[in-house]
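Engineer: Structural data only, the sequence is not supplied:
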């Protein structure tokens, strides 16, 4: 029986996706998840149960900073911003990810 892996984000890529999203500017958690969903054309869906613990870990590591602000709809929300360490980590993550994608693509090519 086939395994249904609906739109799973590969382990270790959520942090990279969040860092990339925040490289464009500060956002609250819902905005981060919506940005990822929209850019991926609904393929990647970041659940709250994954996103907020990831943001907390990233804040503890110094990759993002957070502050409370009022949203355009007048709600109080925590906005996250990329730090210098987060920008550096994003570069590392992107390079590593590119190597992995290239290796997987090589393995998946049909044999000649």
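Structural biologist: Yep, that arrived. None of the values given here were measured: they were computed from a predicted structure. Numbering: from 1, shown residues only.

Engineer: got any ranges where the chain has weak pLDDT?
Structural biologist: By pLDDT under 70, the weakly predicted segments of the chain are 1-8, 10-11, 112.

Engineer: what about stretch 42-51, how long is it end to end?
Structural biologist: End-to-end distance of stretch 42-51 (CA to CA, to the nearest Å): 16 Å.

Engineer: Name the residues of the helix or strand hosting residue 94 that are buried.
Structural biologist: Per DSSP states H and E, residue 94 falls inside helix 84-108. Buried residues in helix 84-108, counted by 16 or more other CB atoms under 10 Å: 86, 89-90, 93, 97. In this view, the C-beta of every residue, glycine as well, is placed from N, C-alpha and C.

Engineer: Mind giving me the packing neighbours of it?
Structural biologist: Contacts defined by 3 or more CB pairs under 8 Å, 6 or more residues apart in numbering; DSSP states H and E place helix 84-108 against helix 13-22.

Engineer: for the helix it packs on, the distance to its chain's centre please.
Structural biologist: 3 Å (CA atoms, centre = their mean, to the nearest Å).
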